[in-house]
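Visitor: okay, here's the prediction I keep looking at, along with the sequence it came from:
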Amino acid sequence: MSLQTGTGFWDPLLWVVAFAIALLISYLIWARGESTYHKDTEAVKPYLSGNAEPEKGEVHIRAGNMYWGFTEALKGYYSRVVPLHSGILNDYVLWFIATAALVLVIVGVIG
Amino acid sequence: MDMSRIVRTTANVLLPFILIYGFYIVMHGHLTPGGGFQGGAVIATGIVLLFAAYSYTDLKEKVTLGALKNSETLGLLLFIFTALLALTAGFAFFGNWLVNGGAIFGDMVAFGPNPGDLNTGGVIPIMNLAVGIEVLGAMGVIILSMLSGIQEDA
Amino acid sequence: MFYNLPFIVAGLIIMVGIVTMVFKRNLVKMIMGLSLVEAGVNLLLVAIGYRAGGIAPIFTNAPDAQMVMPTVQAMTLTNIVIGIATTAMLLSFVMIIYRKYGTADAGKMRKLRG
Amino acid sequence: MIQDIILQNSPALLLAVPMLGAFATPLFGRISGTVRNAWVLLVMAATLAISLVLGFEVLTNGTMVYTFGAAAPSLSIPADSGGIPIRIIFTVDAMSVFMAISASIVAFAVTLYSLVSQKMSTGKDGYYALLILMLVGILGMVCTGDIFNFFVFLEINSLAGAALVAYRVDKGLAVEGGLKYAVISTLGGLMVLFSVALLYGQYDTLNIAMIAERMQFTFLDQVALVMLIVALAMKAGAVPMHFWTPDAYSMAPSAVTALLIVASQASLYGVFRVAFTLYGVALNWVTIGWIVIILGVLSMFVGVTMAIPQKDVKRLMAYHAVSQTGYMLLGVGVGLAVLGDPEMMKLFGLTAMEGGIFHIINHAMYKGLLFLTAGAIFYQTGTRNLNKLGGLGHSMKWTMLFFIIGALAIAGIPPFNGFASKLMIYESVFLFNPLLSIIAMVVSVLTLASFVKVFHSIFMGPKLPEYEEVKEVPGPMLAGMGILALLVVLFGIFPQQIVDILIAPAAGALIDQSGYIESVLGGI
C-alpha cells in the first residue's frame, strides 16, 4: 500500500487516519467553546475599541501588497530578472537562439 | 476604382483554362509532378484572379465564404473516409485497398518507360482529389478573410 | 568545396533569416525572416536528397537511370504546406494587432510583460 | 468481431476518431449548437475510451507496432526492403500510452468545461474543431515512431494552440500572446526539421528505432541532438526560453490553457524520447543529463520567484507551470545522468525517473484544475486581477473547494498527488546531489506561499459589494473540474497502485532502448 521512494516509504492512508484523529480532537476542543456566543448579536461585530467599522472594500488586504517584504528583500534579484521578461518578440527569439548556441558549444566541447 | 473592361474580359477568358489546368494537376498527381495541394493552389489563383478583376463587394455574394467552407469540409471528410474504408477492407489505416484490384483506378502498372495510365494508383487519385477540393476551399477562405479584413479598413 | 556548396548556401539563408528575426522590429519583417529560415531548411532538405547525375524521381517514364531521393522532396512539400498555413495565420494576427494596437512594431507590442 | 478490429487497429483509431470528429464538427455546427456539443463530447469520450483500451493492451502485452498503409498493421518491414521499415510506423510503448491517457483525460474534462464557458461566445465550430485538432497533435506526437511524423504533429499542435490562444481577441492582447506563441513554436519546429534532415542525411531512414540502431554519434548527430533537445525544451517551457509561456497561457481561454499544458508536456515527452530512445547510451549521458538538470533547476527557481509578485491570477499560474516543468526535467534529468552505470540507476535513477514521469500526469491534473478554477472566477467576475478580487468564498463554494485541492496538490501537501511525486523526486535526487533536492524543496515552499496569496486574495475576506450577485458556476463546468479534482485526490491516496500500473512500465519502457528497437525491427 505504501509508496516505495527509494530510501523511505509514504503511506497516505495512515496519514489520512492521523489527520482524521487530529480533526476529531480539535472538534472536541472547539465544541467546548464559549457557550454564551450567539450568531446574530452584538458579539459578531469586530471590536475596534469603539471606532466605526470601515467600509468592506478597505478591510480586505489586496494581493498586491501581500509579499512586499519578500520582494523587497530580493530586490537585487527582482530588479534584474523582471526586466528580462521584456515582452518584445525579438528578445524571445534571441534568448532561444542564444541558449541553442550555448548548449551546442557545451556539447561540442565536452560531449 | 474598378478594373478596366480589358482586364475583366481577359479574366473571363483565362479563368476556365486556370480551372482546367488546376484540376489536371490534381487528377494526374500520381503520374506527373503535382497532386492535391499544388492543384488546389492553382485553382485558388483562379479565385484571386476573379477578385482582382471584379471588386470584392459585388463578388461577396457569389463566391461566398460558406461555399468555400463547405468544399473544405467535404474535402476533409472524403479524405478521412477513404482512409477509414481501408480498415473495413482488412488493410491497415490509410491502406491502399483499390490498387491492382481491377475496380476504378485499379489497373496494373506497366513497367519500363511508359506515358502512365490514369486508371492506376488505387486510393491515391481519390486522396489527391479530396486534398485538391480541401485546399481549394482552405485557400479561398484565407484569401476571403484577408480581403474582408482589408475591406473594413479601406 | 564545390560539392557542399548547397549546404553552405542553406546555412547562409538560415543565418540571414535568424538575423532578420532577431534585429528587425517590424512584425511583418520578422515573419519574412521566419519564412527565410523555412526556405533555408527546405533547401537543406532537397540538397540532402541530391545524387550526382540523378534525374527527377518520376517513375512512370523512368529509364533505369539513377534518380534523386524522393522522400526528402515529400518532406519539403509537407514543410511548404505547413509554412503556408503558419505564414497565413501569422499575417492575419499582425493585421489584427495593427488594427487594435495601431502599430506593427514588436517594440510597442509589449503589453504582456513582467 | 468488432472488438478485435478496434483492438488491433487502436493506435490508428486513436487518431482517426478525433480527426473525423474535428472535420465533421462544422457540419454538425450547421444543424444546431446542442448537436455539435453532443458530437464533440461523444468524440472526446470515444478518444478517451480508445486510449484506455490501447493502454490496457500495451500494458498487458508490451509495445504495440502499427504500420500505416500496409496490407496488415504489424507488417512493419516490407519483404523486399532489405530490413528497412519504410512506412510511417506507430510504436506505442508504455510511455506513449501513459502520455496518451493523461492527455485524453484532461481533454475530456476541458471539453466538458468549455461547453458552458464558451456559451456566450461566437465561432464555436472553429473553437471545438481546433480543440480536437490540438488533441490529435498531442496524441500523434506521443504515439508516433517516425521523427518526421513527430515534426508534423508538433506543427499541428503549435498551429492549433496558437489559433486557440488568439481566439478571443479581447482588445488585441490575446492576439499578441498567440502571435508570440506561433512565431517561437514555428522557429522551434523548423529547428526540429533541421535535425530531422541531418539524421535522414546520415542514416537514410526516418524511423526512430532504425536510427537508434544505426547511431554512431558523429558531430552531425551531436548538432542534431542539441537542436532537438533545445527546440523541444523551449516548447515545454524550460527557463531561458520560457518567455512565451506566461503571455500565451494568461491570454488563452482557461479551457484551452489546460490543454496547452498537456501540449507542452507532449514536447517534454519528445525531449525524453529523443534523449533515451533515439540516442540512448550512444550520447554522453553525463553532459546531456546535467544540461537537462540545469534547465530543470533554472525553470524551478525562476518560475516560482517570477510567480510571487504577479497581479494576474492566470499569469501567476503560468509561471507555476514553468516551475513545475522544472521538477519533471530535474527528475528525468537525474535518470538520464546515471543512464550508463546500472547500479546507480537501480539505486536512485529509476526512482527519480518514476518521480519525474509521475509528476507529468499529476501536473496535468492539478494545473488543469487550477486553470479551470481561474476560468470559473473569470466567468463569474470578468476580471483576473488579484487586486480587484476578494470574498468570493462566500458565494462560490465548489470552486473554492476545487481551488484548495489544486493549490495543496501543486504545493506538494501530503494527502494529494503532488506530494507523492515530489517526495520520490526529493529522495532520489538527494542521493544524486543534495543541493538539487534542497532547491526543489525551497521552490515547493515558495509555490505554497504564492498560492496562499492567491487563495486569500480571491476567496477570503468580506463579501465585496461589487461581487454581490456572483453565484456558483453552472453544472458542466463543475463536472469538468470535479473529474480532475477526483483524480488528483485518488492519485494522492493510492500512489503505489498508480506507480505500479502506469508509471513503472513507462519508466522501464523509456530506459529499455534495445526493447524498443527489437519490437520494431525484430518484427512481431
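Guide: Nice, I can see it.
Visitor: what's the local residue count around D:L14?
Guide: Residues near D:L14, counting by other CB atoms under 10 Å in any protein chain shown, number 27. From N, CA and C alone the C-beta is placed, and that goes for glycine too.
Visitor: show me what contacts it?
Guide: When the contact criterion is CB atoms under 8 Å, 6 or more residues apart in numbering or on different chains, the partners of D:L14 are D:47, D:50-51, D:54, D:100, D:139, D:143.
Visitor: can you give me the pLDDT of it?
Guide: pLDDT for D:L14: 94.
Visitor: and it, how far is that from chain C?
Guide: According to CB to the nearest CB, to the nearest Å, D:L14 and chain C sit 21 Å apart.
Visitor: could I get the helix or strand hosting that residue in PDB with only the CA atoms?
Guide: Secondary structure from DSSP states H and E places D:L14 in helix D:10-31. Listed next in PDB are the C-alpha coordinates belonging to helix D:10-31 (Å, rounded to 0.1, in the frame of the first residue of the first chain):
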ATOM      1  CA  SER D  10      -6.500   1.000 -31.800                       C
ATOM      2  CA  PRO D  11      -3.300   3.100 -32.500                       C
ATOM      3  CA  ALA D  12      -4.800   4.200 -35.800                       C
ATOM      4  CA  LEU D  13      -8.300   4.700 -34.400                       C
ATOM      5  CA  LEU D  14      -6.800   6.800 -31.600                       C
ATOM      6  CA  LEU D  15      -6.100   9.400 -34.300                       C
ATOM      7  CA  ALA D  16      -8.800   8.600 -36.800                       C
ATOM      8  CA  VAL D  17     -11.700   9.200 -34.500                       C
ATOM      9  CA  PRO D  18     -10.700  12.700 -33.300                       C
ATOM     10  CA  MET D  19      -9.700  13.600 -36.900                       C
ATOM     11  CA  LEU D  20     -13.100  12.500 -38.100                       C
ATOM     12  CA  GLY D  21     -14.700  14.400 -35.200                       C
ATOM     13  CA  ALA D  22     -12.700  17.600 -35.900                       C
ATOM     14  CA  PHE D  23     -13.500  17.500 -39.700                       C
ATOM     15  CA  ALA D  24     -17.200  16.800 -39.100                       C
ATOM     16  CA  THR D  25     -17.800  19.500 -36.400                       C
ATOM     17  CA  PRO D  26     -18.600  22.300 -38.900                       C
ATOM     18  CA  LEU D  27     -21.200  20.100 -40.400                       C
ATOM     19  CA  PHE D  28     -22.900  19.400 -37.100                       C
ATOM     20  CA  GLY D  29     -22.500  23.000 -36.200                       C
ATOM     21  CA  ARG D  30     -24.700  23.900 -39.100                       C
ATOM     22  CA  ILE D  31     -27.500  21.800 -37.700                       C
END
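Visitor: what's downstream of it, the next helix or strand?
Guide: Taking DSSP H and E, what comes next after helix D:10-31 is helix D:33-61.
Visitor: can you list contacts of the helix or strand just after that next one?
Guide: Downstream of helix D:33-61, the first helix or strand assigned by DSSP H and E is strand D:64-67. Contact with strand D:64-67 is made by B:92-93, D:9-12, D:54, D:57-58, D:73-76, D:85, D:87-93, D:145, D:519-520, D:524, as judged by CB under 8 Å, 6+ apart.
Visitor: quick check: the residue of chain D nearest chain C.
Guide: Closest residue of chain D to chain C, CB to the nearest CB: D:G172 (2.9 Å).
Visitor: count the residues that sit near that residue.
Guide: 21.
Visitor: now the one helix or strand D:Y127 maps to, how far from the centre of its chain.
Guide: Assigned by DSSP H and E, D:Y127 falls within helix D:124-143. How far helix D:124-143 lies from its chain's middle: 13 Å, per CA atoms, centre = their mean, to the nearest Å.
Visitor: what angle do that helix and helix D:33-61 make?
Guide: Interaxial angle of helix D:124-143 relative to helix D:33-61 (axes from the mean of the first three to the mean of the last three CA atoms, to 10 degrees): 10 degrees.
Visitor: and the lowest-mean-pLDDT helix or strand in chain B, what does it pack onto?
Guide: Lowest on mean pLDDT, DSSP states H and E among the helices and strands of chain B sits helix B:56-59, with a mean of 78. Using 3 or more CB pairs under 8 Å, 6 or more residues apart in numbering or on different chains; DSSP states H and E, the elements in contact with helix B:56-59 are helix B:123-153.
Visitor: just checking the helix it packs on against chain D, any contact.
Guide: No. Shown here: helix B:123-153 not in contact with chain D (CB under 8 Å from any CB of the partner chain), separated by at least 9.1 Å.
Visitor: for that helix, buried residues please.
Guide: B:123-144 (16 or more other CB atoms under 10 Å in any protein chain shown).
Visitor: so which of those reach chain C?
Guide: B:I142.
Visitor: and the residue nearest the centre of chain B?
Guide: Geometric centre of chain B, nearest residue: B:G132, 2.7 Å, by CA atoms, centre = their mean.
Visitor: these two touch, right, it and B:G75?
Guide: Yes. At 7.2 Å, B:G132 counts as touching B:G75 under the criterion of CB atoms under 8 Å.
Visitor: burial count for the closest residue to D:Q216 other than its chain neighbours?
Guide: Distances taken as CB to CB, 6 or more residues apart in numbering or on different chains put D:A282 closest to D:Q216, at 7.4 Å, once the chain neighbours are dropped. Neighbour count of D:A282, defined by other CB under 10 Å: 15.
Visitor: what of the one 10 residues further on?
Guide: One way to gauge burial is a neighbour count; for D:V292, by other CB under 10 Å, it gives 27.
Visitor: that one: which element?
Guide: Here D:V292 is assigned to helix D:285-307, by DSSP H and E.
Visitor: which other helices and strands contact the helix holding D:Y127?
Guide: Using 3+ CB pairs under 8 Å, 6+ apart, helix D:124-143 is in contact with helix D:10-31, helix D:33-61, strand D:89-92, helix D:94-117, helix D:147-165, helix D:254-272.
Visitor: how does it look with 6 Å?
Guide: Using 3 or more CB pairs under 6 Å, 6 or more residues apart in numbering or on different chains; DSSP states H and E, the elements in contact with helix D:124-143 are helix D:10-31, helix D:94-117, helix D:147-165, helix D:254-272.
Visitor: quick one: contacts of that helix?
Guide: D:11, D:14-15, D:18-19, D:21-22, D:25-26, D:29, D:40, D:90, D:92, D:96, D:99-100, D:103, D:107, D:118, D:150, D:153-154, D:156-157, D:160-161, D:163-164, D:167, D:259, D:262-263, D:266, D:269 (CB atoms under 6 Å, 6 or more residues apart in numbering or on different chains).
Visitor: quick check on the contacts of strand D:64-67: which are buried?
Guide: B:92-93, D:9-12, D:54, D:57-58, D:73, D:75-76, D:85, D:87-93, D:145, D:519-520.
Visitor: now do whichever strand or helix holds B:I43 against helix B:123-153, angle only.
Guide: Here B:I43, judged by DSSP H and E, is contained in helix B:36-53. For helix B:36-53 against helix B:123-153, the angle by the same axes, to 10 degrees is 30 degrees.
Visitor: show me the shaky parts of chain C.
Guide: Applying pLDDT under 70 to chain C flags the ranges C:61-63.
Visitor: taking it, what residue is nearest to chain B?
Guide: Counting by CB to the nearest CB, chain C gets nearest chain B through C:T60, at 3.4 Å.
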